[in-house]
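Peer 1: next comes the sequence, and after it the predicted model I'd like to discuss.
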Amino acid sequence: MAKPRQKSRITLGSCASAAARFIFGRPLRTAEAKGEQVDTMKGVSVLGLDALSSASYGPEAALTILVPLGAVGLLYVQGIVTAILLLLAVLYLSYRQTLGAYPNGGGSYTVAKENLGRYPGLLAAASLLIDYTLNVAVGISAGVGALESAFPALQSHTVPLCLAVLALLTVANLRGVHDVGTAWAIPTYTFIFSLCGIVLAGLWKTVVSGGHPSPVITPPPLAAATSSVSLWILARAFASGCTAMTGVEAVSNAVPLFAKPAVDNARRTLLLICAILAFLLGGIGYLVHAYHIGALDQQKAGYESVISQLASAVAGRGVVYYITIGGVLSVLVLSANTSFADFPRVCHLLADDQSLPSAFSTLGRRLVYTPGIIILATLSGILLVAFDGITDRLIPLFAVGAFTAFTMSQAGMVVHWRRQGKGLANPSLLINALGAAATAGALIVIFVAKFTEGAWVTALAVPPIIWVFVQVRKHYDQLQREIGTPRKSAGANVRPLKVVIPVESWNRPADRALRLAHRISDDVTIVHVTICETDEAMANKWRELVQKPARAAGFPEPSVKLIRSPYRKLAEPLLNYIHALQKEHPKQQVAVVIPEVVQPRWWEYLLHNHAARGLKARLLAEGNDRLVVIDSPWHTRE
């Protein structure tokens, strides 16, 4: 005879597990971490999008500052881009040194902490976290701006589009690094080849025409000059253009992500990122002057990004244009992925040093630091809403954090090489010293130039973040002092527990809790909180079902305590009783055994008030080291 088929039980846990598996993929074992590592090509798509995408908004940020100069401003673009390229070369050489010196990951926090001290390290970490958060907001807003350039009808939906992209990126990164590297590879290399193709075609047309190419589609005319050239305007343009270098440090933070040989793969990745970025910045800087392209106001109708104007001028509005804009759009919105890769890792390092909650150092189901990803997404979403998803409003806050981190890292590397000996005879020390000087100088220019535009907000945010780091560390230090290894065991002085069982009514869960209590102590009290003057029904059940059987079996008879609660509260009367009990017996511990009914189906949880869980939370929150809370679950059947 065939056995009857058992009904499958659909619970809240099983539904959540199935949904998580569908959205985020199956859980990965710790042993599978090696399969999550990336090679050079995937490293570019995972860690290079921030730097590469900035080629599309860095020049535009500089051009925006030069708008008051009219056509004259274009004369200075190439000089500004040249200065940025020289600084980029210094950063490349400097971080190449860092990769070799710190093969386990030498981000600004690690380098500064180990060589300059704890507080410089925390300054670098706070600056990095701010920069990574802003990078997500700027990348997404710039990407949506590129989309609106191609489809102006979407301009009234900027914020919803930004938040939708943010949600997509968050889910993708929660699936793991390997999946992200594979998924982002196609849009990354589409961007690289299409935009490099536009730049090459534009350069060819410019050379053939003797420096005066004819645009396929004429860019909008430049606005009339409203200001004369000044060192202040040029400094501000340079400061805004330096946003093109944010993200260069990402590779040094994530060396452990690379497959072996990790350092060689990381160096190749860094070289590819910097070389492509340099070519794009130099080419775009030259072509905007040749084609007379300026920046437009993103908040006004008819806005068109500089890249859109350039692609239209070089190739028209055909298939090549839309492929290029599609590549730019995808990489701009995906540029936030660099932050999703590195922000959680910096949080992990801080958590390991007990400067952030320990949850940040725990790997999630897909071997990524889930809390860091969620916090980054939340903060970035707040920024996008607060600034209406407008790139020009976010750019002034950008780059200050990045260049602070750059400077701390390079200064730390100088100290590192000095400890190695050789002094100024060491080429590595000279390279990092040049990097420290160059980034410090750029930081001063950026901070002064952007101060009134919003850089003061970034500067104001750093001290509170460092304060949080310090307070978290103080908490863990104090906790360690309190719960560290005991001097000796106190087993010889143990006294019997006084056990309290709060019950709503006398039932099977309460009876089971009583049986558990009898196993650990003979001093047991049943506590019943009632809104009535007396509760005869409870008293009668108690005498009949507990006292008589206990006397008949010769066991210690539990006592009962009825507490009247005229305001229908449960936790407060019980806590008052326990505190009074502790005061009466100062040398004994009190254990509270809580009967709790556990439902098998998710919807059944909606039918109950979960008083047991609320009571347990109050006891844990308001208790002390002489109070023990014990859960006695009763699992209901189908």
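Peer 2: Here it is on my side, so go on.

Peer 1: what helix or strand is W634 on?
Peer 2: strand 627-635 (DSSP states H and E).

Peer 1: what pairs with that strand, and is each one parallel or antiparallel?
Peer 2: Partners of strand 627-635 in the sheet, by DSSP bridges, are strand 590-598 (parallel).

Peer 1: quick one, what contacts the nearest residue to L434 once chain neighbours are set aside?
Peer 2: Once flanking residues are discounted, L434 sits nearest to V90: 5.8 Å by C-beta to C-beta, 6 or more residues apart in numbering. All C-beta atoms are positioned from the backbone trio N, CA, C, and that covers glycine. Counting by C-beta atoms under 8 Å, 6 or more residues apart in numbering, V90 touches 434-435, 438-439.

Peer 1: got it, and V590?
Peer 2: V590 touches 497-500, 578, 581-582, 626-628, counting by C-beta under 8 Å, 6+ apart.

Peer 1: identify the bridge partners of it.
Peer 2: K498, L627.

Peer 1: list the buried residues of stretch 221-238.
Peer 2: For stretch 221-238, burial by neighbour count (16 or more other C-beta atoms under 10 Å) applies to 222-223, 233-238.

Peer 1: any chance of a markdown table for the residues you listed, columns secondary structure and pLDDT?
Peer 2: Formatted as a markdown table, those follow (DSSP: H, G, I helix; E, B strand; the rest coil; pLDDT from 0 to 100):
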| residue | secondary structure | pLDDT |
| --- | --- | --- |
| L222 | coil | 77 |
| A223 | coil | 73 |
| I233 | helix | 83 |
| L234 | helix | 84 |
| A235 | helix | 80 |
| R236 | helix | 78 |
| A237 | helix | 81 |
| F238 | helix | 81 |
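
Peer 1: tell me the one among these nearest to G79.
Peer 2: L234 (8.1 Å; C-beta to C-beta).

Peer 1: next up, the contacts around the closest residue to the closest one other than its chain neighbours.
Peer 2: Spatial nearest neighbour of L234, excluding adjacent residues (C-beta to C-beta, 6+ apart): Y76 at 6.1 Å. Going by C-beta under 8 Å, 6+ apart, Y76 touches 66, 69, 229, 234, 237.

Peer 1: does the second one really touch A223, like I thought?
Peer 2: No - distance between L69 and A223: 9.5 Å, which falls outside the contact criterion (C-beta atoms under 8 Å).

Peer 1: show me what the closest residue in space to L570 that isn't next to it in sequence is bridged to.
Peer 2: Counting by C-beta to C-beta, 6+ apart, V529 is the residue found nearest to L570 once chain neighbours are left out, at 5.4 Å. Listed beta-bridge partners, V529: I563 (assigned using DSSP bridges).

Peer 1: now P633
Peer 2: Where P633 sits in a bridge, its partners, by DSSP bridges, are E596.

Peer 1: please tell me I have it right and it contacts E596.
Peer 2: Yes - if you go by C-beta under 8 Å, P633 and E596 touch, sitting 5.2 Å apart.

Peer 1: of those two, which one has the most company?
Peer 2: Of the pair P633 and E596, E596 is the one with more neighbours under other C-beta atoms under 10 Å, namely 17 against 13.

Peer 1: OK, contacts around the more buried one?
Peer 2: 509, 612-613, 616, 631-634.

Peer 1: cool, and T269?
Peer 2: 40, 43-44, 47-48, 251, 258.

Peer 1: so which of these belong to helices?
Peer 2: Among those, the residues falling in helices (DSSP state H) are 40, 43-44, 47, 251.

Peer 1: returning to what we had before: quick one: pLDDT of the residue nearest to L434?
Peer 2: Looking at V90, its pLDDT stands at 84.

Peer 1: and it, that's in a strand?
Peer 2: No - counting by DSSP: H, G, I helix; E, B strand; the rest coil, V90 is not found in a strand; it is helix.

Peer 1: and Y132, how far from E622?
Peer 2: Remark: distance between Y132 and E622 (C-beta to C-beta, to the nearest Å) = 38 Å.

Peer 1: between the two, which one's more packed in?
Peer 2: Shown here are Y132 and E622; by other C-beta under 10 Å, Y132 has more neighbours (32 against 13).

Peer 1: measure that one to Y109 for me?
Peer 2: 12 Å.

Peer 1: quick check, central residue of the protein?
Peer 2: For the chain, the residue nearest the mean C-alpha position is L376 (2.9 Å; C-alpha atoms, centre = their mean).

Peer 1: ok, and the closest non-adjacent residue to that one?
Peer 2: Excluding its sequence neighbours, the residue lying closest to L376 (C-beta to C-beta, 6+ apart) is F343, at 4.6 Å.

Peer 1: and what about the residue of the chain most remote from its centre, helix, strand or coil?
Peer 2: The C-alpha centroid of the chain is most remote from A552, which lies 63.5 Å away (C-alpha atoms, centre = their mean). With three-state DSSP as the basis, A552 sits in helix.

Peer 1: which ones are touching I520?
Peer 2: Neighbours of I520 in contact, by C-beta under 8 Å, 6+ apart: 497, 499, 591.

Peer 1: which of these tops the neighbour count?
Peer 2: Highest neighbour count within the contacts of I520: V499, with 26 neighbours (other C-beta under 10 Å).
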